[in-house]
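[1] Generate a structure from the sequence data that follows.
(2 chains)
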Amino acid sequence: QQKVQQSPESLIVPEGGMASLNCTSSDRNVDYFWWYRQHSGKSPKMLMSIFSNGEKEEGRFTVHLNKASLHTSLHIRDSQPSDSALYLCAASELSGSFNKLTFGAGTRLAVCP
Amino acid sequence: NAGVIQTPRHKVTGKGQEATLWCEPISGHSAVFWYRQTIVQGLEFLTYFRNQAPIDDSGMPKERFSAQMPNQSHSTLKIQSTQPQDSAVYLCASSLQANTEVFFGKGTRLTVV
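    A predicted model of the protein is given here:
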């Protein structure tokens, strides 16, 4: 049983549409959540991180976090074909392991023109 | 800033042979991580170093895998007696300090035939 669960496994949205991705940790020690994007054949690159309850917005990307339920979501508005990629959610603890990230299996997003 | 540098990018070994993978972290980063990525298992943590000291190797298959960081500018991951199930993309990553972005290298694709 993975400690970080992501849903859906795959998602298809039309160009210009909204993509919503979900992630939940079963580890109560988690403090930080990270969203990484990995294009095919490339390495993961960080999109956004969040550790406080609430919402954080950067351009077309918005991240929500509910610390009580250890649930985070990533929303991409005005989706572009270049957003097509594997989106990885990761969780880490503030204390103890230095930024050791535990990843979910990912959501594969396809944005269709 | 060349980012995290991994060599070789591709490596093919015969079953039972040894494979050594190299990583040069971003200069000044104090933490170095090794991950393994496969289609089936996703992105799995293997081990990490902080200020060259091994901190957590809980993800390492104990018998055949070993990692070292002899100086602040490089780390190696050695796999002895490679098996087909070791075939994966091995990713090295580094970060500056706790709870800052983890930067990934481009990975080494290991194929065991």
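[2] going forward, measure contacts and count neighbours with C-alpha atoms only.
    OK.
[3] got the residue ranges for the strands in chain B?
    Ranges of strands in chain B, per DSSP state E, are B:5-7, B:10-13, B:19-24, B:31-38, B:42-50, B:53-56, B:65-71, B:74-79, B:88-95, B:102-104, B:108-112.
[4] Looking at the ones you listed, which one is packed in the most?
    Most buried of the strands of chain B, by mean neighbour count (mean count of other C-alpha atoms under 10 Å in any protein chain shown): strand B:88-95, with a mean of 26.
[5] Can you tell me the strand partners of that one and which way each runs?
    Looking at strand B:88-95 with DSSP bridges, its partner strands are strand B:31-38 (antiparallel), strand B:102-104 (antiparallel), strand B:108-112 (antiparallel).
[6] just to revisit the earlier point, kindly reformat the strands of chain B as CSV containing mean pLDDT and distance to A:Arg77.
    Formatted as CSV, the strands of chain B follow (pLDDT from 0 to 100; distance: least, C-alpha to C-alpha, whole Å):
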stretch, mean pLDDT, distance to A:Arg77
strand B:5-7, 97, 33
strand B:10-13, 98, 36
strand B:19-24, 98, 36
strand B:31-38, 96, 29
strand B:42-50, 94, 26
strand B:53-56, 92, 38
strand B:65-71, 96, 42
strand B:74-79, 98, 40
strand B:88-95, 97, 29
strand B:102-104, 95, 25
strand B:108-112, 98, 34
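[7] wait, which of these is closest to A:Thr102?
    Proximity to A:Thr102 (C-alpha to C-alpha) singles out strand B:42-50 among the strands of chain B, at 6.9 Å.
[8] Quick check: closest non-adjacent residue to B:Phe33.
    Distances taken as C-alpha to C-alpha, 6 or more residues apart in numbering or on different chains place B:Tyr48 nearest to B:Phe33, at 4.3 Å, with adjacent residues excluded.
[9] can you check B:Gly14 too?
    B:Val113 (5.0 Å).
[10] gap between that neighbour and chain A?
    Using C-alpha to the nearest C-alpha, to the nearest Å, B:Val113 is found at 21 Å from chain A.
[11] What's the local residue count around the nearest residue to A:Phe103 once chain neighbours are set aside?
    Distances taken as C-alpha to C-alpha, 6+ apart place A:Ala90 nearest to A:Phe103, at 4.2 Å, with adjacent residues excluded. Residues within reach of A:Ala90, counting by other C-alpha atoms under 10 Å in any protein chain shown, total 27.
[12] just the one 3 residues further on next, same as before
    Applying other C-alpha under 10 Å, we find 20 residues neighbouring A:Glu93.
[13] Could you give the bridge partners of the residue nearest the centre of chain B?
    Centroid-nearest residue in chain B: B:Trp34, 3.5 Å away (criterion: C-alpha atoms, centre = their mean). Listed beta-bridge partners, B:Trp34: B:Thr47, B:Cys92 (assigned using DSSP bridges).
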